[in-house]
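Novice: fold the following.
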Amino acid sequence: MAAAWVNTATLNFLILLLCSDSPWSPSVQVSGRQEEEESVTITCSAPTPCPDSPPKLSWSLHQDPPHTMVTNTDGTFTTSIQQEMTLSDRHHGLQVTCSAVYPVSGGEKRADGSVTLRVEYSPKNTSVQLSGNTSLSVGESVTLSCSSRARPPVQNFSWFRLTSEGPQRVHQGHVYSLTFSCSTREQYFCQAKNQVGEENSPVITLGHEDASAGIGPYNIVKTCGIIALFSALLLIECLIQEKATTTLRQNQRAVSEDANYVNVECQV
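Specialist: Reported below is the predicted structural model:
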């Protein structure tokens, strides 16, 4: 009768699996740089004491991924699954869970393993907050503040004013206080930057109310309408004055004619 050979490590694991209340938890690892737009591979591995009845692994991401079984250097077996992902800022803080279900006598035993993604990403949702009104008069002060979310946090805030020659850097820092000294409108935006990238905020316009309104078609029509209205009123006033002058002259002529008539009667 031939002696049966059993790997000691496999036998020990079988005994542990049968005697414990729950099997070993699978191991979940991420390979690759966890940064936005980078591709990473997430691997879930679980010990496999019985190659003929390997554990069934599944992701919280999706179900029924392809399984791979490898033989370890100590003679034991490991079953694994993999998932490739292209990262974005939305994946930061995502917990990826892998479940291993082992077939055992009388049913199944399940264990879970997980990993939390820590994704670095460039500034997002960069915006400008204004303390006060965008309509300013010369000499008035205003404070602008820039906000953005990023990982790692924003390292540098810069402020730019739009000019005819392009954006001009005017300040560096989270908050920018300025005194409006121009009778025309001015446009500003902030830029948030960290080691991953940068993002610009929408442009904000500051200026006198009339200047900030611009000279678009609507304003041109509005101005022409006002001029036409004043012209019409002036014309009506001139007509009224002319009519009044004409009436006055007619009355004066009539009085003069009556006076001449009286003088003629007196001479007769």
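
Novice: make it CA atoms for all contacts and neighbour counts henceforth
Specialist: Will do.

Novice: all strands for the stretch 1-150 of the chain, in order.
Specialist: 27-31, 39-48, 56-59, 68-71, 77-86, 95-104, 107-116, 121-131, 141-151 (DSSP state E, counting those that start in this stretch).

Novice: would you single out the least confident of the ones you listed?
Specialist: Across these, strand 68-71 has the smallest mean pLDDT, namely a mean of 69.

Novice: format the strands of the stretch 1-150 of the chain as a markdown table; extra columns: distance to Arg161 and mean neighbour count.
Specialist: Below are the strands of the stretch 1-150 of the chain laid out as a markdown table (distance: least, Cα to Cα, whole Å; neighbours: other Cα atoms under 10 Å):
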| stretch | distance to Arg161 | mean neighbour count |
| --- | --- | --- |
| strand 27-31 | 43 | 17 |
| strand 39-48 | 37 | 21 |
| strand 56-59 | 50 | 21 |
| strand 68-71 | 58 | 14 |
| strand 77-86 | 36 | 18 |
| strand 95-104 | 42 | 20 |
| strand 107-116 | 41 | 16 |
| strand 121-131 | 13 | 18 |
| strand 141-151 | 13 | 18 |
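
Novice: how about those strands, which one is nearest Gly197?
Specialist: Closest to Gly197 of those is strand 121-131 (Cα to Cα; 4.6 Å).

Novice: give me the helices and strands touching that closest one, please.
Specialist: strand 141-151, strand 186-193, strand 198-200 (3 or more Cα pairs under 8 Å, 6 or more residues apart in numbering; DSSP states H and E).

Novice: would JSON lines of those with distance to Arg110 be doable?
Specialist: Shown next, in JSON lines, are those (distance: least, Cα to Cα, whole Å):
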{"stretch": "strand 141-151", "distance to Arg110": "35"}
{"stretch": "strand 186-193", "distance to Arg110": "45"}
{"stretch": "strand 198-200", "distance to Arg110": "45"}
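
Novice: returning to that earlier point: is it possible to get a markdown table of the strands of the stretch 1-150 of the chain that adds distance to Trp159?
Specialist: Listed next are the strands of the stretch 1-150 of the chain as a markdown table, based on distance: least, Cα to Cα, whole Å:
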| stretch | distance to Trp159 |
| --- | --- |
| strand 27-31 | 38 |
| strand 39-48 | 33 |
| strand 56-59 | 45 |
| strand 68-71 | 54 |
| strand 77-86 | 32 |
| strand 95-104 | 37 |
| strand 107-116 | 36 |
| strand 121-131 | 10 |
| strand 141-151 | 9 |
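
Novice: do you know which of the ones you listed lies nearest Val196?
Specialist: Counting by Cα to Cα, Val196 lies closest to strand 121-131 out of those; the figure is 5.0 Å.

Novice: ok, and the closest non-adjacent residue to Lys124?
Specialist: Nearest residue to Lys124 in three dimensions, chain neighbours excluded: Arg149, at 5.3 Å (Cα to Cα, 6 or more residues apart in numbering).

Novice: gap between the two ends of stretch 28-37?
Specialist: End-to-end distance of stretch 28-37 (Cα to Cα, to the nearest Å): 21 Å.

Novice: could you do stretch 177-192 as well?
Specialist: End-to-end distance (Cα to Cα), stretch 177-192: 17 Å.

Novice: okay, and the beta partners of the nearest residue to Pro51 once chain neighbours are set aside?
Specialist: In space, and not counting its chain neighbours, Pro51 is closest to Phe77: 6.9 Å by Cα to Cα, 6+ apart. Going by DSSP bridges, Phe77 is paired in beta bridges with Thr48, Thr71.
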